[in-house]
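Participant: need a structure here:
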Amino acid sequence: MSQVSKILKRDKKLFFDDLDCEFSNSIASSDINLVADFTEYNPLHNGHFHCMKTAKHMFPDSLFVAIVPGLFERSGRGIPYILPREIRAEIAISVGVDIVVEGPPMGIMGSGQYSLCLCKMFKALNTSYIPRGYKPVEGFDEILKRINMGHHIAPKPYKIVDKTTNEIILKDKLEEDNYVITSFSNSLSKIGFDYTNKFIFVERIEGVSGTLIRESILNDNFDGVLDMMPSETIEVLKREIKNDSIIYGIRDVESILDTANNYDFEQLSTLNLFNDKLAKNIIDNGPYNDLEQLEKSILYGFSSHFRQRVLSILENPIPKKIISDYIDKYPSNIRILGYKNKESLEKFIKKVNNENISLFNGLK
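Facilitator: Numbers count the residues shown, from 1 in each chain. Modelled structure (predicted):
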């Protein structure tokens, strides 16, 4: 069994264990500020590091918690991560994060679904502040101002709406980082979390290219990106390349083809993100011998990454009803991927509004 197959098998069990677990509230007994950042750290680069340092400088006595997406190791674009989450957590701890917790299974969810899960995690952590990087564009300052006023800002097709005042405040489509901010505002409002003055907006730095970083990893040559990442990230990447632990772009092809070839129309149509048209198209064009053939049968969706998302669903075929139940209970269990020291762990446990806190994979 390949490394990726083992990860997916392990994570499917964790997913259903969490589904069977009941959220258990606890009474927070700590006044410490908890700064919670959501980021994939794929891998951790100077943009992430800059955002972290800015927030830690503003609140030096706070507990800095990174929410790193976990189960099934697929990004919001449906693409396999560069490194397993426990190693991404290791890098985060090495550059100053106090606690790393596992975020939702992004790769098998729609963007609205994982945004809602993340916001429920912010609430469960009793989050004091949320740092977010953004790209300055015309009109976006007004959006940031209104979000920190606590207004319910919601992204709509080619416009941004202030639902508190019923105004259209921007007629345009936002880039990914900026869109995430408005999506968080929308989801936090839906769950009744007061985020007035909780966001720390940090302007993105220049000179970091995710594309070049990923190419350097695949080529095992970091000469052109040494100034884009902390030295700790590069050291771990070199180590994991030697350990053959890079999982970027690697899929469980056998499982994907098995689902595509053997699920009937009804089974496919009930999967998350699927509809009848997509299910019928996969059935009509099968059977499949390879992923390239299968990808051609996947209709284009609402985003350029839709095909990759569908592959991740076929890789982990979980019905949309079960995903919905999982979201309703999220986070039933807060899984810690890494922590700086026992003092940080104790502070975290006192702060968090959930009695179900566990350590990942035998972490001591």
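Participant: what residue lies at the spatial centre of this protein?
Facilitator: Geometric centre of the chain, nearest residue: Pro69, 3.9 Å, by C-alpha atoms, centre = their mean.
Participant: Quick check: that residue touching Ile108?
Facilitator: No: contact criterion C-beta atoms under 8 Å: Pro69 and Ile108 do not qualify, at 10.8 Å. No exception for glycine: its C-beta is placed from N, CA and C like everyone else's.
Participant: before we move on, back to that, next, the contact list for the residue nearest to the centre of the chain, please.
Facilitator: 38, 40, 75-76, 85, 102-106, 114 (C-beta atoms under 8 Å, 6 or more residues apart in numbering).
Participant: How about it, nearest residue that isn't a chain neighbour?
Facilitator: Using C-beta to C-beta, 6 or more residues apart in numbering and skipping the chain neighbours, the partner closest in space to Pro69 is Gly103 (4.0 Å).
Participant: so who does that neighbour touch?
Facilitator: 38, 67-70, 114, 117-118, 121.
Participant: ChimeraX command to pick out the buried ones of those?
Facilitator: Of the contacts of Gly103, the buried ones can be selected in ChimeraX as follows, counting by 16 or more other C-beta atoms under 10 Å:
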select :38,67,68,69,70,114,117,118,121
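Participant: quick one: least confident of the contacts of Gly103?
Facilitator: Scanning the contacts of Gly103 for pLDDT, the smallest score is found at Gly70, 89.
Participant: which residue sits closest to that residue, ignoring its sequence neighbours?
Facilitator: Gly70's closest residue in space is Glu102 (C-beta to C-beta, 6+ apart), at 3.7 Å.
Participant: Could you verify my assumption that that neighbour touches Val68?
Facilitator: Yes: counting by C-beta under 8 Å, Glu102 touches Val68, with 6.6 Å between them.
Participant: picking up where we left off before, strands - which of the contacts of Gly103 land there?
Facilitator: Assignment to strands by DSSP state E places the following of those there: 38, 67-69.
Participant: could I get these as TSV with distance to Val236?
Facilitator: What follows is these, written out as TSV (distance: C-beta to C-beta, whole Å):
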residue	distance to Val236
Phe38	21
Ile67	20
Val68	14
Pro69	18
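Participant: remind me which residues of the stretch 101-250 of the chain are low pLDDT?
Facilitator: Along the stretch 101-250 of the chain, segments meeting pLDDT under 70 are nowhere present.
Participant: The stretch 151-300 of the chain: helices as residue ranges?
Facilitator: 176-190, 210-219, 231-242, 253-262, 265-269, 276-285, 291-297 (DSSP state H, counting those that start in this stretch).
Participant: Quick one: closest of those to Lys347.
Facilitator: Across the helices of the stretch 151-300 of the chain, Lys347 has its closest neighbour in helix 231-242 (23.0 Å, C-beta to C-beta).
Participant: That closest one packs against which elements?
Facilitator: Judged by 3 or more C-beta pairs under 8 Å, 6 or more residues apart in numbering; DSSP states H and E, helix 231-242 is in contact with helix 85-94.
Participant: and for the helix it packs on, what are the contacting residues?
Facilitator: For helix 85-94, using C-beta under 8 Å, 6+ apart, the contacting residues are 40-44, 66, 68-70, 73, 81, 100, 102, 232-233, 236, 240, 245, 337-340, 360-361, 363.
Participant: Nothing else from me, thank you.
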